[in-house]
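In: coords please:
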Amino acid sequence: MAFSIYSPADDLPALEALAHSMKAHGVELGERQTAFGARELRRARLESGLRYVCLNLENDTAAYHADDLRALAGFCEANGIGALVFRRPGGDIQKALEALDTLAVFRLNVAFENCDGSFLSDIKDLDGFYRKNRGALLCYNGAEFAKKRVHPFLSALEGQTCRRQLFMIRVRDCRFDGLDALPGDGDAELAESFSAAAGLGRDPWASVAAYGGFGPAEIHRRMLSALLKI
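Out: Numbers count the residues shown, from 1 in each chain. Model (predicted):
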């Protein structure tokens, strides 16, 4: 399993230092970090030895015009970034399909993250979208289901078509009452989700970011501990 560090912060050296301290395999970039020039990012990548995994797009899919997406795809290609992840796809599924069409000509993994208020907010819509769009990948956030008192693995992932298109799992845990928890202490069924992916021969990225007052390094340690208990 490959772990990555996600942060929308503009401090690239700090992000790389954290990744090294965790011995992670990759670094995800937040959208604001596109302010870095291609030359600077290539130099930083060579010096750090880290792999930039993906660019996280923070806005609703509808906020991106075709020209914006083509520019972002070009930025990824110039910097060796292999994926674009729409973290908040929004409620307009047609805009997501248009984004997929625009990006189809680029050699990029294109993933959508399930979140409340988007067209991927419930189980039926989540699986229906991926059943019809086999070229789209899933960035799975089980905590989004847990906070709605839905079993993220047993109800939302097990037996669903979307699990075959897993690209990344957000390492975030919470209880059914909505309170944040360290990985393995909540109801997001993270270990089960990774185990299901392994059973299908998939090896999704594990995305680690600070949440609920917990630091990425602590989250990383707890996630590894939870996986060893499978």
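In: So for residue 12, what's the pLDDT?
Out: Note for residue 12: predicted pLDDT of 80.
In: With the one 5 residues further on instead?
Out: You'll see residue 17 listed with a pLDDT of 85.
In: That one is in what secondary structure piece?
Out: Here residue 17 sits within helix 12-22, counting by DSSP states H and E.
In: Can I get that helix in CSV? Just the C-alpha atoms.
Out: C-alpha atoms of helix 12-22 as CSV (Å, rounded to 0.1, in the frame of the first residue of the first chain):
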residue,chain,number,x,y,z
LEU,A,12,5.7,22.7,-0.3
PRO,A,13,8.9,22.2,1.7
ALA,A,14,7.0,21.5,4.9
LEU,A,15,4.7,19.1,3.1
GLU,A,16,7.7,17.2,1.7
ALA,A,17,9.4,17.1,5.1
LEU,A,18,6.3,15.6,6.7
ALA,A,19,6.1,13.0,3.9
HIS,A,20,9.8,12.1,4.6
SER,A,21,9.2,11.8,8.3
MET,A,22,6.3,9.4,7.6
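In: can you list contacts of that helix?
Out: Here helix 12-22 makes contact (CB atoms under 8 Å, 6 or more residues apart in numbering) with 3-5, 7, 9, 26-27, 33, 36, 41, 44, 48, 50, 208, 216-217, 220. Every C-beta, even on glycine, is put in place using the N, C-alpha and C of the backbone.
In: separation between residue 168 and residue 108?
Out: Separation of residue 168 from residue 108 (CB to CB, to the nearest Å) stands at 14 Å.
In: And those two? Which one has more around it.
Out: Higher neighbour count among residue 168 and residue 108: residue 168, with 26 against 20, using other CB atoms under 10 Å.
In: Can I get whichever strand or helix holds that one in CSV, CA atoms only?
Out: In the assignment (DSSP H and E), residue 168 maps to strand 166-170. Once non-C-alpha atoms are left out, strand 166-170 reads as follows in CSV (Å, rounded to 0.1, in the frame of the first residue of the first chain):
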residue,chain,number,x,y,z
LEU,A,166,-11.2,2.6,-6.4
PHE,A,167,-8.2,4.9,-6.9
MET,A,168,-7.8,6.5,-3.5
ILE,A,169,-9.2,6.1,0.0
ARG,A,170,-9.3,9.1,2.3
